[in-house]
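[1] Structure for the following, please:
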Amino acid sequence: MWTREIFGTDVYHLVSAFIIYSMLGWLVESIYMSLCNRKLTNRGFAKSPFCPIYGFGAVIGYLVLRPLQTDLILLYVTGAVMATVFEFMVGKLMLRLFGEVWWDYNDKPCNYKGIVCLESTVAWGFYAVFIIVFLHSRVMDFIDRWSFSMGSRICVLILMIVTIDYVIQLMNAFHIDVKERRDRIVDRYHDFKARWY
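    Numbers count the residues shown, from 1 in each chain. Sure thing, here's the model as predicted:
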């Protein structure tokens with residue numbers, strides 16, 4: 001699985017890059033919002049330092065935009081439009097699932113339904129150029145510093161932790177009592193154990 005290629009890049013490097021971009025995105029946004037709010041702000045959905053919207057956006061953006069890396073203007077415009085469309089789709093999905101969007105651009109000029117705005121679109125274009133021209137090669141170099149066996153283990157561990165974290169947060173968001181579910185599973189385990197021992 002890890003060695004299968006998608007658009008000329010193996011799954012191991014894509015998953016590793018997804019994790020790194022998800023963590024970098026969380027870091028940048030949390031720092032920015034902490035400065036804006038004048039207090040520490042976790043911009044992630046869950047407790048872990050992980051925003052998958054940035055991981056997906058950066059990896060998909062890289063795969064699609066890489067052929068444009070020699071035309072900076074086209075790269076900028078295409079990256080800005082793609083990221084804005086992606087942000088809008090994620091916002092609409094969040095509205096449908098949770099009844100709210102975890103960002104609000106209503107106070108920004110040239111916004112659409114508070115989900116996207118001109119300021120972010122301009123920023124997305126610069127992020128696209130920065131990632132494609134400068135950052136992605138460094139991310140790949142960082143990934144290659146680790147042996148494949150160590151790197152794949154780290155990826156699996158991080159994804160397991162994030163998955164557990166997100167499942168718990170989703171259960172909370174949908175008002176599913178985590179403690180009650182856990183107690184029910186433990187009770188079933190003890191019942192099962194009592195029957196066989």
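[2] So residue 101 sits against residue 111, correct?
    No - if you go by Cβ atoms under 8 Å, residue 101 and residue 111 don't touch, sitting 11.6 Å apart. From N, CA and C alone the C-beta is placed, and that goes for glycine too.
[3] so how far is stretch 57-71 from its chain's centroid?
    Distance of stretch 57-71 from the chain centroid (Cα atoms, centre = their mean, to the nearest Å) equals 17 Å.
[4] buried set for that stretch?
    57, 58, 59, 60, 61, 62, 65, 68 (16 or more other Cβ atoms under 10 Å).
[5] where's residue 152 relative to residue 103, distance?
    To residue 103, residue 152 is 33 Å away according to Cβ to Cβ, to the nearest Å.
[6] how about stretch 99-117 as CSV, C-alpha atoms only?
    What follows is stretch 99-117, C-alpha atoms only, in CSV (Å, rounded to 0.1, in the frame of the first residue of the first chain):
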residue,chain,number,x,y,z
GLY,A,99,-25.2,23.2,11.8
GLU,A,100,-22.3,25.6,12.0
VAL,A,101,-19.0,26.6,10.4
TRP,A,102,-16.0,26.8,12.6
TRP,A,103,-14.9,30.1,11.0
ASP,A,104,-16.8,33.3,10.4
TYR,A,105,-16.0,35.8,7.7
ASN,A,106,-19.1,37.9,8.1
ASP,A,107,-17.1,40.8,9.4
LYS,A,108,-14.8,40.7,6.4
PRO,A,109,-15.4,42.7,3.2
CYS,A,110,-16.4,40.8,0.1
ASN,A,111,-17.5,37.7,1.9
TYR,A,112,-20.1,35.1,0.8
LYS,A,113,-22.4,33.8,3.5
GLY,A,114,-19.5,34.2,6.0
ILE,A,115,-17.9,31.0,4.6
VAL,A,116,-15.4,32.5,2.1
CYS,A,117,-14.1,36.0,1.6
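[7] what residues does that stretch touch?
    Outside stretch 99-117, the residues that touch it by Cβ atoms under 8 Å, 6 or more residues apart in numbering are 45, 84, 87, 88, 91, 92, 94, 95, 118, 119, 120.
[8] Tell me, what's the model's pLDDT at the first one?
    Spelled out, it's residue 45. The per-residue pLDDT reported for residue 45 equals 69.
[9] before we move on, the earlier item: looking at the buried residues of stretch 57-71, which are in strands?
    When those are checked against strands (DSSP state E), there are no matches.
[10] spatially speaking, which residue is in the middle of the protein?
    residue 52 (1.2 Å; Cα atoms, centre = their mean).
[11] which secondary element of this structure has the worst mean pLDDT?
    helix 178-196 (a mean of 74; mean pLDDT, DSSP states H and E).
[12] what distance separates it from the centre of its chain?
    34 Å.
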